[in-house]
Each structure stands twice: as C-alpha cells, then as structure tokens.
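Engineer: here you go, sequence then predicted model.
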Amino acid sequence: MFSLAALSLRRSLATVVSGNKTSKLVRERLKLEVDKMKSEFSGFTPGLVVLQVGDRDDSNLYISTKLKAAAEIGIVASHVRLPNTATQAEILHSILSVNEDCSVHGLIVQLPLDSVHTIDTELITNAVSPLKDVDGLSCINAGKLSRGDLGDCFIPCTPNGCMELIRQTGVSVAGKHAVVIGRSKIVGAPMHDLLLWNHATVTTCHSKTQDLPAQVSRADILVVGMGRAEMVRGEWVKEGAVVIDCGINHIADESKASGKRVVGDVHYASANERAAFITPVPGGVGPMTVAMLMELLYGKN
Ligand code: NDP
C-alpha cells in the first residue's frame, strides 16, 4: 500500500510514441500522392524489387511486409528470389540487370544473404546503383549521409523512421545530447549521422564501450539498436529523456501459444517510469521502417 505522499511523488508514465499510428498516417498520405502522380503522368508507376538469396524465415516475413505495404499504396513491387546455391557472380548479374531496368526505381537486397557460398556482402550492397539504393547501404549514399548531404542521398529506413518518431514528440534535437547504442551500417551508424546533422551532440556506444549505464544516463535522446533483449534498464535512463528502441528480440514466454514474445533492447516497464517519451516494442520503430521505405521510393520520382 502506497502512502499518499509517496503516490503524489510518483511521476506519471512516459508518453508512448506509436509507430503504428504514425506509419499509418504516412502510408495514407503516400497512397494519395501515388494516386495523384499516376493520374498526372498516365502510365507511370513506381517500381520496387526486393532481391533475396536463399530462404530464411525472418527474411521471408520482412519481405512479405514490404511487398504488402507497397501494394497497398500502389507501388509495383516484385520479389526476385535466387537459390542459396547462387554464386556471387550470379547475384551480381541479377543486381546489374535490375540496375538497368528503368521500370524499377528502388532495389533492396535483403540481408543477411543466405548462401552456401562465401559472399562479399559489401561488394553486393555496393553493386546496387546509388540511384536505386533505397536501403542507403552503398558507400556513396552512406558517405553522403556521413558528410551531412541529407537532401542528396538515400537514408536507411530504420534510422529515418526513428527521426520521424523523435519529430512526433515535438522535442527539438538541436543542442541536445543524443546517445546511440549500436554502430551497424543499417541502424547505429546512420542514426549517429542523422542526429549529428540535425545538430545534436552525439555519443555512439558499442560492445567495447566502458560503463554503458553512465553513457545512457547523459542522454536527452536515447536510440538503442543493439540486439540485446531488455538490456537497457530504466535506472540508467535520464529523467525526461526521449527513448527510441529499435530492438527486436524473441524471448521465451510460456503464457503465449507460440511460447515466445517480442521485446526491445530497452526494459520497457522501468524505462517508462523515467522517460518523457518512449517507443513500444512491437508497434514502435518496426512499422515506421517500412513506411519510410515507401516514402523514399515515392520521393525518388
Ligand atoms: P548488429 O548486430 O549489426 O549491431 C549491433 C550493435 O550493437 C553493434 O554495433 C554492437 O557493437 C552493439 N552492441 C552489441 N552488444 C552490445 C553491448 N553489450 N553494449 C553495447 N553495444 C553493444 O544489429 P543491427 O544494428 O542490425 O540491429 C540492432 C537491433 O535492431 C536488433 O535487435 C535488430 O533486430 C533491430 N532492427 C530493427 C529494425 C526495425 O525495423 N525495427 C531494422 C533493423 C534492425 P559492436 O559494433 O562493437 O559489435
């Protein structure tokens, strides 16, 4: 039983920043824009190709989500699947033929590649034409982003979605101390660049960072993409921070029919008591990723 004094001291919970709600608004707006574009330029339809090597279950799920979202807003999306026996040369050949196909405006190579051969992933992502590289993984697009040429490059969709969610909070990024946990090419590194060029002072943490809780406690804006279930504890979080959780982790849960459930990299219940704004998992960053992909594809035309 709490005393009245204790109850009055307890601060209210964070505002939940919903990716489901925000991504729905983005998709509805895009559908109107694609319809308008089709009626203004008759015969023109934006095209997307998702190239998959092999047959991983998680990749199949991500790809079907992208294809469904594209179809809903009127983008023609196709799935090219190569067998896991495809050689590096065969994968490169497929990429080059999509690069040359002018009916295709965006090309995603679904990672990780599921191949029986040793494939140089860097070589593959760099073979995608920078003009169609909607994942923003080629050196050209990543280089432009790191130099702050934000208007002249494709920005990876997950960090782009995180920025959109931060914007939804109304908290200004300029001048804030932002902490990013993770430095991968698809999440952490581009997130660092985006925050930096939106004028935050940015600290990026990784697996060799000393005293992670101390780093986290300095963050006005915290973006986590580390792939470690619920590792960031509420006690680490600065009072009033914006907490954006990219993590998607499956943990055992006997109360579920599937025997598991999805959690983020942040311990939601405890962080919710200290943050001012927080994204849930699921329903936070995940749905934004696909919506931002569609926005990029449309924006390209
Ligand atoms: P990676 O495994 O490529 O990168 C993880 C990063 O976290 C690395 O930079 C790693 O450091 C760092 N890290 C790992 N452990 C620690 C630790 N104990 N302390 C500090 N840093 C640590 O993962 P991704 O970037 O691809 O994905 C990150 C998370 O985001 C995953 O949960 C993934 O499922 C999710 N994700 C979600 C998406 C979405 O749409 N919501 C899209 C893509 C990813 P180091 O570099 O030193 O190894």
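Structural biologist: Cool, got the structure. Residues are numbered from 1 along each chain as shown.
Engineer: using PDB, write out every CA atom in stretch 77-93.
Structural biologist: Only the C-alpha atoms of stretch 77-93 are listed here, as PDB (Å, rounded to 0.1, in the frame of the first residue of the first chain):
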ATOM      1  CA  ALA A  77       6.800  -4.400 -56.100                       C
ATOM      2  CA  SER A  78       8.400  -7.700 -57.100                       C
ATOM      3  CA  HIS A  79      10.300 -10.400 -55.300                       C
ATOM      4  CA  VAL A  80      13.300 -11.900 -57.000                       C
ATOM      5  CA  ARG A  81      14.500 -15.000 -55.200                       C
ATOM      6  CA  LEU A  82      17.800 -16.700 -56.000                       C
ATOM      7  CA  PRO A  83      18.500 -20.100 -54.600                       C
ATOM      8  CA  ASN A  84      21.100 -20.400 -51.800                       C
ATOM      9  CA  THR A  85      23.400 -22.100 -54.300                       C
ATOM     10  CA  ALA A  86      23.600 -18.800 -56.400                       C
ATOM     11  CA  THR A  87      27.200 -17.700 -56.800                       C
ATOM     12  CA  GLN A  88      28.500 -14.200 -56.100                       C
ATOM     13  CA  ALA A  89      28.700 -13.700 -59.900                       C
ATOM     14  CA  GLU A  90      25.100 -14.700 -60.400                       C
ATOM     15  CA  ILE A  91      23.900 -12.400 -57.600                       C
ATOM     16  CA  LEU A  92      25.900  -9.500 -59.100                       C
ATOM     17  CA  HIS A  93      24.400 -10.300 -62.500                       C
END
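Engineer: may I see the buried residues of it?
Structural biologist: Neighbour-count burial for stretch 77-93 flags 77, 80, 81, 82, 86, 88, 91, 92 (criterion: 16 or more other Cβ atoms under 10 Å). (Each C-beta comes from the backbone N, C-alpha and C, glycine too.)
Engineer: likewise stretch 246-253?
Structural biologist: Using 16+ other Cβ under 10 Å as the test for burial, stretch 246-253 gives 246, 247, 248, 249.
Engineer: circling back: dump the buried residues of stretch 77-93 to JSON lines, plus secondary structure and pLDDT.
Structural biologist: Shown next, in JSON lines, are the buried residues of stretch 77-93 (DSSP: H, G, I helix; E, B strand; the rest coil; pLDDT from 0 to 100):
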{"residue": "77", "secondary structure": "strand", "pLDDT": "94"}
{"residue": "80", "secondary structure": "strand", "pLDDT": "97"}
{"residue": "81", "secondary structure": "strand", "pLDDT": "97"}
{"residue": "82", "secondary structure": "strand", "pLDDT": "98"}
{"residue": "86", "secondary structure": "coil", "pLDDT": "97"}
{"residue": "88", "secondary structure": "helix", "pLDDT": "98"}
{"residue": "91", "secondary structure": "helix", "pLDDT": "98"}
{"residue": "92", "secondary structure": "helix", "pLDDT": "98"}
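Engineer: what's the distance between residue 157 and the ligand?
Structural biologist: Distance of residue 157 to the ligand, computed by Cβ to the nearest ligand atom, to the nearest Å: 7 Å.
Engineer: what about residue 179, neighbour count?
Structural biologist: 26 (other Cβ atoms under 10 Å).
Engineer: how about it, secondary structure?
Structural biologist: Here residue 179 takes the strand state, with states given by DSSP: H, G, I helix; E, B strand; the rest coil.
Engineer: which ones are touching it?
Structural biologist: 202, 203, 204, 205, 215, 216, 218, 219, 221, 222, 223 (Cβ atoms under 8 Å, 6 or more residues apart in numbering).
Engineer: distance of it relative to residue 188?
Structural biologist: Counting by Cβ to Cβ, to the nearest Å, the separation of residue 179 from residue 188 is 11 Å.
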